[in-house]
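Novice: Have a look at this prediction, sequence included:
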Amino acid sequence: MNQSKQRLLLFVLCITLLLVVSARVSPAPPAAEAEPVPDEREIDVPEEPEETPEPSPETTPNIRDILPDISASDWYLKLVNNTYVLPPSFTPPAVREIQDGQYFDSRATDALNRMLDAARGEGYTVYIGTGYRPYRTQATLFYGKASQIAWGGAVEYAEAEELARQTVAYPGTSEHQLGLAVDILDAPDTRMDADTLEDLPLYVWLRAHCVDYGFIPRYPRAKQDLTGWFEPWHYRYVGETAARYILENGLCLEEFIALY
Ligand SMILES: [Zn+2]
């Protein structure tokens, strides 16, 4: 075999081999459009639908179904605020001295003294800033405040009265006139600043135990929109049954009375 024939044979072999190989190798499928891998933060995890348990009558009773069988018109539940105003002539039937020159409705004095004794027994010092306050004293306080604001002529007197209402109850709108409210402090010179006093250990104790003596914190921060006041020192006698219901259901006196 001469050299040209050898070359021809080699060429034919190469072509044959190429054809065989190309026939066996199937053409590559067109590259699939690559799905972009979403950033982990962008993945929307479908939320599990929350199972709403059927309310069981034992655990979530209607607040009205367990309302204590008491009369909201009883003396110890009397509501006093900017809407329910006491006349100047209102006085409790009888008051009795408690301590620090202060007085309280004599029907609730024992309950108050037991609560204060219990607090002292826990090591707290207890000072009564104000107990019963007659209408006339409230009027003196209020108009004194308004005059003080108006003094110097910076504001009109009518405006001064409106400003005074923010810090001093208008005559007839103070619970202290009932003789069933008391401002409890830890010392005579304690500055009545609600924000700094809110978690005074004495108040933490009172909030936890006042119910046993028929008292409620009357103006807690959480109810300021409804009561108009935030005063951690101000406690109100409402009787043990009402106090327990009010505190267990997270109400203020306005909300409790509205249930009747
Ligand atoms: Zn008060």
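Specialist: Structure's in. What do you need? Numbering: from 1, shown residues only.
Novice: in the chain, which spans are helices?
Specialist: All helices of the chain, identified by DSSP state H, fall at 3-24, 109-121, 135-150, 157-164, 194-197, 201-209, 224-227, 240-248, 253-258.
Novice: And the ones you listed, which one averages the lowest pLDDT?
Specialist: Mean pLDDT is lowest for helix 3-24 among the helices of the chain, at a mean of 51.
Novice: mind listing what the residue in the chain positioned nearest to the ion touches?
Specialist: In the chain, the residue that lies nearest the ion is H234 (3.7 Å; CB to the ion). C-beta here means a position set from N, CA and C on the backbone, and glycine is covered the same way. Residues near H234 by CB atoms under 8 Å, 6 or more residues apart in numbering: E175, A181, V182, D183, P217, R218, Y219.
Novice: Of these, which are in range of the ion?
Specialist: Filtering those for neighbours of the ion using CB under 5 Å from the ion leaves D183.
Novice: if we can go back for a sec, switch the helices of the chain over to JSON lines; also include distance to I98.
Specialist: Formatted as JSON lines, these follow (distance: least, CB to CB, whole Å):
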{"stretch": "helix 3-24", "distance to I98": "108"}
{"stretch": "helix 109-121", "distance to I98": "6"}
{"stretch": "helix 135-150", "distance to I98": "16"}
{"stretch": "helix 157-164", "distance to I98": "28"}
{"stretch": "helix 194-197", "distance to I98": "21"}
{"stretch": "helix 201-209", "distance to I98": "15"}
{"stretch": "helix 224-227", "distance to I98": "24"}
{"stretch": "helix 240-248", "distance to I98": "19"}
{"stretch": "helix 253-258", "distance to I98": "21"}
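Novice: who wins for proximity to L79 among these?
Specialist: L79 lies closest, by CB to CB, to one member of these: helix 253-258, at 4.9 Å.
Novice: The closest one: which residues count as buried?
Specialist: Neighbour-count burial for helix 253-258, counted by 16 or more other CB atoms under 10 Å, picks out L253, F256, I257.
Novice: Quick one, which of the helices of the chain gets closest to Y84.
Specialist: Comparing the helices of the chain by their distance to Y84 (CB to CB), the top pick is helix 253-258, with 8.8 Å.
Novice: contacting residues around the closest one?
Specialist: Contact partners of helix 253-258, identified using CB under 8 Å, 6+ apart, comprise 72, 77, 79, 81, 216, 218, 223, 226-227, 236, 238, 242, 245-246.
Novice: how about a cut-off of 7 Å?
Specialist: Residues outside helix 253-258 that contact it (CB atoms under 7 Å, 6 or more residues apart in numbering): 72, 77, 79, 81, 216, 218, 226-227, 236, 238, 242, 245-246.
Novice: Which among these count as buried?
Specialist: By neighbour count, with 16+ other CB under 10 Å, the contacts of helix 253-258 hold L77, N81, I216, R218, T227, R236, V238, A242, Y245, I246 as buried.
Novice: residues in contact with the first one?
Specialist: Residues in contact with L77, defined by CB under 7 Å, 6+ apart, are V238, A242, I257.
Novice: Surely the second one and A72 touch.
Specialist: No - using CB atoms under 7 Å as the test, A242 is too far from A72 to be in contact (8.8 Å).
Novice: if we can go back for a sec, what's the pLDDT at the residue of the chain closest to the ion?
Specialist: For H234, pLDDT reads 98.
Novice: That one pairs with what?
Specialist: D183 (DSSP bridges).
Novice: any idea how far it is from S73?
Specialist: H234 sits 23 Å away from S73, going by CB to CB, to the nearest Å.
Novice: and the buried ones among the contacts of helix 253-258, which two are the farthest apart?
Specialist: The distance between the two most remote of those (CB to CB) is 19.3 Å, for N81 and Y245.
Novice: Kindly report the residues of the chain close to the ion.
Specialist: Contacts of the chain with the ion, taken as CB under 5 Å from the ion, map to D183, H234.
Novice: Quick check: the gap between the closest residue in space to D186 that isn't next to it in sequence and E122.
Specialist: Distances taken as CB to CB, 6 or more residues apart in numbering place L202 nearest to D186, at 5.0 Å, with adjacent residues excluded. Here L202 is placed at a distance of 9 Å from E122 (CB to CB).
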